[in-house]
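Novice: Could you look at this predicted model? Sequence included:
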Amino acid sequence: MSLAQRLRTLMRWRGIHSQNQLARISGVPQSCIHRILTRREDRYSPARGTLVRLALALDTSVPWLTDGVVSSPDPAPGLAPWLQDGAGSAGEGYCIEICALLRQQPDSTKKKVLSVVRLIVEGQDAA
């Protein structure tokens, strides 16, 4: 399995539907993600920093992402159990993206976002 195949697999497992979505989550430019996914491995090798950001965004390790090397039997360390079974929802990618966006926000912003989400959920429960 190549780097591109492992990247595509993790994107699918995580419910990430586009290169742009992965770019927003990871901070890696979409053009770089496109190169990884479309160019032959012998012609393009991403920088270590790029691989680190992608691995962090996809909750895996750089060795697994680049070479398929794992230290445990889990092919994608940290992957939620419901996603490993293939039963993960397509919305999981949205959750990952929201968390990535909120990670850099102050606590006051996080609290406001949480309040809005609660209002939305309560509104759906009442309907």
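Specialist: Received, thanks.

Novice: Enumerate residues external to stretch 46-53 that contact any of its residues.
Specialist: With contacts defined as C-beta atoms under 8 Å, 6 or more residues apart in numbering, stretch 46-53 is touched by 3, 26, 27, 28, 32, 35, 36, 54, 62, 65, 66. Backbone N, C-alpha and C define where each C-beta goes, glycine included.

Novice: change it to 6 Å
Specialist: With C-beta atoms under 6 Å, 6 or more residues apart in numbering as the test, stretch 46-53 has contacts from 26, 27, 28, 32, 36, 62.

Novice: and residue 59, which of the three is it?
Specialist: Secondary structure, DSSP: H, G, I helix; E, B strand; the rest coil: residue 59 is coil.

Novice: so who does residue 30 touch?
Specialist: Contact analysis of residue 30 by C-beta under 6 Å, 6+ apart lists 19, 20, 23.

Novice: returning to what we had before: give me the subset of the contacts of stretch 46-53 lying in helices.
Specialist: Among the contacts of stretch 46-53, DSSP state H puts 26, 32, 36, 62 in helices.

Novice: Quick one: these as JSON lines, columns for pLDDT, neighbour count and distance to residue 104 too.
Specialist: Output for these, formatted as JSON lines (pLDDT from 0 to 100; neighbours: other C-beta atoms under 10 Å; distance: C-beta to C-beta, whole Å):
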{"residue": "26", "pLDDT": "94", "neighbour count": "22", "distance to residue 104": "13"}
{"residue": "32", "pLDDT": "94", "neighbour count": "18", "distance to residue 104": "20"}
{"residue": "36", "pLDDT": "92", "neighbour count": "22", "distance to residue 104": "24"}
{"residue": "62", "pLDDT": "88", "neighbour count": "16", "distance to residue 104": "22"}
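
Novice: which two of the residues you listed lie the greatest distance from each other?
Specialist: Largest separation among those by C-beta to C-beta: 32 and 62, giving 15.2 Å.

Novice: what about the helices in this structure?
Specialist: 3-14, 19-26, 30-38, 48-57, 62-67, 81-84, 92-102, 107-126.

Novice: weakest of these in terms of mean pLDDT?
Specialist: Least confidently modelled of these is helix 81-84, at a mean of 39 by mean pLDDT.
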